[in-house]
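K.L.:
kindly generate the corresponding structure for this input.
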Amino acid sequence: MAKRPRIAVVGSANIDLTTFTDKFPKPGETIFGQKFDLGFGGKGANQAVAARLCGADVFMVARVGSDLFGPATIENFRKLGIDATHVKQAQGVSSGVAPIFVDPGGQNRILVVKGANDTLGLKDVDAAADILKSADCIVLQFEIPLETVYYTVAFAHKHGIRCIVNPAPAQSIDIKQLSNLDYFVPNESEAETITGLPASTVDQAKQCAQQFLSSGIKRVIITLGANGSLIAGRDQSDHVPAFEVSSIDSTGAGDAFIGSFAVFLGEGLPEKEAVRRANLYAGLSTTSVGTQKSFYSREKFDAEWATRSRE
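P.N.:
Numbers count the residues shown, from 1 in each chain. This next block holds a predicted model:
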């Protein structure tokens with residue numbers, strides 16, 4: 001029987017406001033959308049949910065607002081079996097929200113208002129130190145202050161805990177502050193924003209990965225959507241192809257990849273096998289609408305894997 005990993009996510013929790021439209025409006029133009037969906041989101045929360053649905057024990061460290069979304073977000077964690085002891089309401093600020101616009105091809109455009117996520121500080125990491133020390137892996141993203149990300153990476157390194165950073169949304173960073181993490185996992189657009197190099201093809205992604213590695217990061221995984229993923233280390237790089245799916249909404253696919261990868265790796269699978277499974281888990285999440293509610297349970301995923309892994 002596979003080991004049951006303990007995953008701690010230090011990160012964001014948002015409410016996703018998703019609008020489906022045939023086209024995007026021009027400046028000053030009002031158009032009708034096709035439909036609307038409201039759901040729980042935020043990159044940190046999404047990754048926590050993916051990890052939990054894949055079978056891990058999951059602990060969330062986050063901040064939500066003093067509005068109607070705050071208590072609902074905490075209750076959602078609890079219903080899903082995620083430890084929300086260190087998810088607190090920040091007074092006087094809104095919860096994070098993410099208006100999302102999805103075109104007919106399933107591609108999305110997202111505007112994130114960080115709200116309470118921006119109040120998650122070093123003292124909150126210290127307050128959660130005991131539970132963080134018990135984790136097999138700590139997962140972080142960039143929807144919280146970078147200072148908190150850097151501090152948590154240093155904490156993980158000090159205590160010998162595997163650490164995965166998803167640099168989303170991409171922004172200017174002090175790359176040396178991330179040299180002690182285990183995995184740096186951007187998508188192609190995030191890799192391009194940070195390095196200034198294109199990353200839409202496998203060969204281009206290899207060049208981007210090399211720049212990250214030369215900055216001191218140990219392992220890089222660049223997710224490439226329908227092109228799969230690229231794993232790169234100082235010794236070699238490997239392209240892991242995607243699985244073919246009928247995508248209708250790609251929102252949250254990167255989070256599905258991160259959360260499931262942390263679990264598969266924590267269960268003791270070899271790195272490339274963990275990435276291959278995460279590719280499928282992420283791909284399957286695009287076959288229905290939304291983020292967290294589009295993620296597969298472990299039972300449903302295992303059944304799909306039994307069939308698709310032979311491809």
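K.L.:
pLDDT value on Val112, please?
P.N.:
With respect to pLDDT, Val112 has a value of 82.
K.L.:
residue contacts, it?
P.N.:
By CB atoms under 8 Å, 6 or more residues apart in numbering, the residues touching Val112 are 14, 96-98, 143, 169. To be clear about C-beta, it is placed using only N, CA and C from the backbone, and glycine gets the same treatment.
K.L.:
and the helix or strand bottoming out on mean pLDDT in the chain, what does it pack against?
P.N.:
Least confident helix or strand of the chain, by mean pLDDT, DSSP states H and E, is strand 108-110 with a mean of 82. Judged by 3 or more CB pairs under 8 Å, 6 or more residues apart in numbering; DSSP states H and E, strand 108-110 is in contact with strand 96-102.
K.L.:
what residues does the strand it packs on touch?
P.N.:
Outside strand 96-102, the residues that touch it by CB under 8 Å, 6+ apart are 12-21, 24, 41-42, 64-65, 69, 108-117, 143, 249, 251.
K.L.:
please spell out the PyMOL selection for the buried subset of the residues you listed.
P.N.:
Per 16 or more other CB atoms under 10 Å, the buried members of these correspond to this PyMOL selection:
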select buried, resi 12+13+14+15+16+17+18+19+20+21+41+42+64+65+69+108+110+112+114+115+116+117+143+249+251
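K.L.:
on the three-state scheme, Ala84 is what?
P.N.:
Classification of Ala84 using DSSP: H, G, I helix; E, B strand; the rest coil returns strand.
K.L.:
roughly how far apart are it and Leu68?
P.N.:
As judged by CB to CB, to the nearest Å, Ala84 and Leu68 stand 17 Å apart.
K.L.:
buried residues in stretch 201-214?
P.N.:
The neighbour-count check on stretch 201-214 (16+ other CB under 10 Å) flags 202, 204-206, 208-213 as buried.
K.L.:
how about the strands in the stretch 51-200 of the chain?
P.N.:
Assigned by DSSP state E, counting those that start in this stretch, the strands in the stretch 51-200 of the chain fall at 57-65, 83-90, 96-102, 108-110, 137-141, 162-166, 183-184.
K.L.:
out of those, which comes closest to Arg276?
P.N.:
Among the strands of the stretch 51-200 of the chain, the nearest to Arg276 by CB to CB is strand 183-184 (15.3 Å).
K.L.:
just give me how far stretch 201-218 sits from the chain centre.
P.N.:
20 Å (CA atoms, centre = their mean, to the nearest Å).
K.L.:
what's in contact with that stretch?
P.N.:
Stretch 201-218 is contacted from outside by 175-176, 178-179, 181-184, 188, 191-192, 194-195, 197-199, 220, 222, 224, 227, 230, 232-234, 237, 239, using CB under 8 Å, 6+ apart.
K.L.:
rerun at 7 Å
P.N.:
Identification of contacts with stretch 201-218 by CB atoms under 7 Å, 6 or more residues apart in numbering yields 175-176, 178-179, 181-182, 184, 188, 191-192, 195, 197-199, 220, 222, 224, 227, 230, 232-234, 237, 239.
K.L.:
what's the PyMOL syntax to select whichever of those residues are buried?
P.N.:
If you want just the buried ones from these in PyMOL, going by 16+ other CB under 10 Å, the selection is:
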select buried, resi 175+178+181+182+184+188+191+192+195+199+220+222+224+227+230+232+237+239
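K.L.:
restricted to helices, list the contacts of stretch 201-218.
P.N.:
Per DSSP state H, helices hold the following members of these: 188, 191-192, 195.
K.L.:
quick one: the residue nearest the centre of the chain from Lys43, how far?
P.N.:
By CA atoms, centre = their mean, the mean C-alpha position of the chain lies nearest to Asp255, the distance being 3.0 Å. For Asp255, the distance to Lys43 equals 5 Å [CB to CB].
K.L.:
likewise Thr251?
P.N.:
According to CB to CB, Thr251 stands 11 Å off from Lys43.
K.L.:
kindly report the same for Ile222.
P.N.:
17 Å.
K.L.:
who touches both of Thr251 and Lys43?
P.N.:
Between them, Thr251 and Lys43 share no contacting residue under CB under 7 Å, 6+ apart.
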